[in-house]
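J.: Okay, predicted coordinates and the sequence, questions at the end:
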Amino acid sequence: MAFATLIMENPFTGKIKEAPVGFSWTTLFFGFFVALFRGDFKWAVIQFLLAILSFGFSGLVFMFIYNQLFIKDLVGAGYKVKRLFDADMERVKLKLQMDLPMLEPTQSFQTSSSAPPPLHTPIITDDYDDEEENFDFLEEFITIRFNYVSGSGRTSEREVDVMEQYFDEYIRGHCHTADDERTFKVSRIEGDVFDVEAEKWMTLSNFKRGLITGEFEYIEPKPKEEKKQKIINYGVPRRKRDIFTFEVCFTGFPNDKRLELEREATQNGLMVRTGVTKKLDYLCAGPNAGWKKVEKAKEQGVPIINTRQFRELIEDGLSPEPTAIDD
């Protein structure tokens, strides 16, 4: 399995190619058709002829070397690396045993000095065609949660504030799991996608369609067996309910401190959330609280409390008033 993917662009023609790095299962199973699909006619013919002469055994060799040969030919044709996914550049260079030219921002075939276009509007110029770069900028990000399979085959749950979509194949945004900006390949998202703010599920195809149209079509959540939660009547919540459990989100704390607070909240019957939603009762903010979550809490009227008030909440059952963030 390819452990990384290069997006390569020819600065003279504007053509863009996707080049996997590493072992190729598709070449093993489909032989010369992979090269043919990529428009690599030279190696498609060579693989076809060698497959006939070797009764198909040549595929056992090409599955290890074809991706490298493809990248080498792209570099020879003037292509340069525009973006790298799933690995760092030094590891890729070591794997390929070759130096890779990088595309400078000023070398891109399609450039624009104007500001990014409005919601869901692709960049279109007079020389636009389907193979050129096509961005969808989100005017307002959407926070989603999904299972993601990395290039090495490891699956992990991610929560991401999606801000942009690339080539109808990639999404980019702030990953809460890594606490950094990350780019994800949409085809590696496993299963359905959960909208954190709307608290609803959508299929992957509906999510991709919604990025373009701005309208997300939701489905009913998959039924799951959940443990019965202890319901505790802590004071009066900021919204009326007959039966309720407080929802609290912790932000701005070191990882071990945050885990300790989340465990304490869960043990006392509170529901822990990882993001700010309209249904959140309190945002417990530490000294390193990010401005995005704080501002979003203020916009949605979510009270911001510190750790002292959080413990008063679980010990005395009193609804704390909003206060300053922990020092």
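T.: Okay, I see it.
J.: quick one: the helices in the stretch 201-327 of the chain?
T.: Using DSSP state H, counting those that start in this stretch, the helices of the stretch 201-327 of the chain run over 204-213, 255-267, 291-299, 307-316.
J.: packing partners for the shortest one?
T.: Counting contacts by 3 or more C-beta pairs under 8 Å, 6 or more residues apart in numbering; DSSP states H and E, the secondary-structure elements packed against helix 291-299 are strand 247-251, strand 282-285, strand 304-305. (Glycine included, C-beta is placed from N, CA and C.)
J.: And the average pLDDT for it is what?
T.: In this model, helix 291-299 has an average pLDDT of 87.
J.: before we move on, back to that, looking at the helices and strands packed on helix 291-299, which is buried most?
T.: Neighbour counts (mean count of other C-beta atoms under 10 Å) averaged over each of these peak at strand 282-285, with a mean of 26.
J.: And it, how far out from the chain middle?
T.: The chain centroid and the centroid of strand 282-285 are separated by 25 Å under C-alpha atoms, centre = their mean, to the nearest Å.
J.: From the rest of the structure, what touches it?
T.: Residues external to strand 282-285 that are found in contact with it (C-beta atoms under 8 Å, 6 or more residues apart in numbering): 246-252, 261, 276, 293-294, 297, 302-307, 309-310, 313, 320, 325-326.
J.: what do you get for stretch 185-198?
T.: Residues outside stretch 185-198 that contact it (C-beta under 8 Å, 6+ apart): 5, 85-86, 142-150, 155, 159, 168-171, 200-204, 207-208, 216, 218-219, 222, 274-275, 277-278.
J.: Flag every buried residue along it.
T.: Within stretch 185-198, the residues that qualify as buried are 185-186, 188-189, 192-197, counting by 16 or more other C-beta atoms under 10 Å.
J.: Give me the subset of the residues you listed lying in strands.
T.: Secondary structure assignment by DSSP state E places 185, 189, 192-195 of those in strands.
J.: And the furthest pair within the residues you listed?
T.: Lys185 and Asp195 (20.0 Å; C-beta to C-beta).
J.: Quick check: chain neighbours aside, which residue is closest to Asp99?
T.: Nearest residue to Asp99, sequence neighbours excluded (C-beta to C-beta, 6 or more residues apart in numbering): Lys93, at 6.5 Å.
J.: Now do Thr274 against Ala77, distance only.
T.: Going from Thr274 to Ala77 by C-beta to C-beta, to the nearest Å gives 45 Å.
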